[in-house]
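S.K.: Just the structure for this:
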Amino acid sequence: MIIREFDESDFHSVKEIYQQGIDTGNATFQEKAKDWDEWNSSLLERCRLVAIEGSQVVGWAGLSPVSGRAVYSGVVEVSIYIASEAQGKGLGQKLLSRLIQEAEVHNIWMLQAAIFPENQASIALHKKNGFRQVGVREKLGKMHEIWRDVVLMERRSKAVGV
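M.R.: Numbering: from 1, shown residues only. The predicted structure is shown next:
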């Protein structure tokens with residue numbers, strides 16, 4: 001398994017993996033995978049990674065800005081998705097660890113994650129990688145007419161902006 005920078009030719013696989021996460025009902029409020037233009041414009045151009053097993057993309061990670069204000073230029077939200085058939089093999093750990101390294105290279109000092117409380121595997125993965133739970137945003141949004149809570153987690157870089 002290798003982790004490398006995302007290439008636009010990876011998008012078809014990335015979109016499929018994203019849809020798999022959406023289909024679980026515990027990955028995002030998004031109801032259907034974004035098309036190329038929406039996905040591309042929602043993420044930073046840097047720090048887009050894919051995990052490859054054999055010749056297949058089996059996971060991806062990226063960062064989204066939390067604000068357009070300059071003071072928040074080093075604060076981003078993490079997206080990480082693993083193909084259903086590749087889960088439970090430590091791939092999320094490798095991908096998130098590399099994403100953290102890449103973020104610090106690009107002067108990003110705060111990573112945030114908003115995770116449904118039911119997604120205990122994602123919460124554990126983030127905790128293992130130095131994220132702390134900041135709180136729970138109660139009834140943040142509706143999904144299929146049901147209000148959902150979101151666990152807010154963050155990781156402050158020890159290398160950037162200290």
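
S.K.: residues in contact with Ala103?
M.R.: Applying C-beta atoms under 8 Å, 6 or more residues apart in numbering to Ala103 gives the contacts 47, 63, 76, 111, 157. The C-beta positions use only the backbone N, C-alpha and C, and glycine is treated the same way.

S.K.: And stretch 68-87, how far out from the chain middle?
M.R.: 4 Å (C-alpha atoms, centre = their mean, to the nearest Å).

S.K.: Buried ones in it, by neighbour count?
M.R.: 74-83, 86 (16 or more other C-beta atoms under 10 Å).

S.K.: picking up where we left off before, identify those among the contacts of Ala103 that sit within helices.
M.R.: Using DSSP state H, no member of the contacts of Ala103 falls in helices.

S.K.: In strands, which of the buried residues of stretch 68-87 appear?
M.R.: Using DSSP state E, 75-82 are the members of the buried residues of stretch 68-87 that sit in strands.

S.K.: Between those, which sits nearest Gly25?
M.R.: When these are compared for distance to Gly25 (C-beta to C-beta), Tyr81 wins out at 14.0 Å.

S.K.: so the closest one touches Gly59, yeah?
M.R.: Yes - under the criterion of C-beta atoms under 8 Å, Tyr81 makes contact with Gly59 at 6.4 Å.

S.K.: Mind putting the contacts of Ala103 into a markdown table with pLDDT?
M.R.: Below are the contacts of Ala103 laid out as a markdown table (pLDDT from 0 to 100):
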| residue | pLDDT |
| --- | --- |
| Cys47 | 96 |
| Leu63 | 98 |
| Val76 | 98 |
| Leu111 | 98 |
| Ser157 | 94 |
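
S.K.: Dump these into CSV; add distance to Ala124 as well.
M.R.: Below are the contacts of Ala103 laid out as CSV (distance: C-beta to C-beta, whole Å):
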residue, distance to Ala124
Cys47, 22
Leu63, 21
Val76, 21
Leu111, 16
Ser157, 21
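
S.K.: Any of the residues you listed buried? List them.
M.R.: 47, 63, 76, 111, 157.

S.K.: these two touch, right, the first one and Ser64?
M.R.: No - in this structure, Cys47 is not within contact of Ser64 by C-beta under 8 Å, at 10.0 Å.
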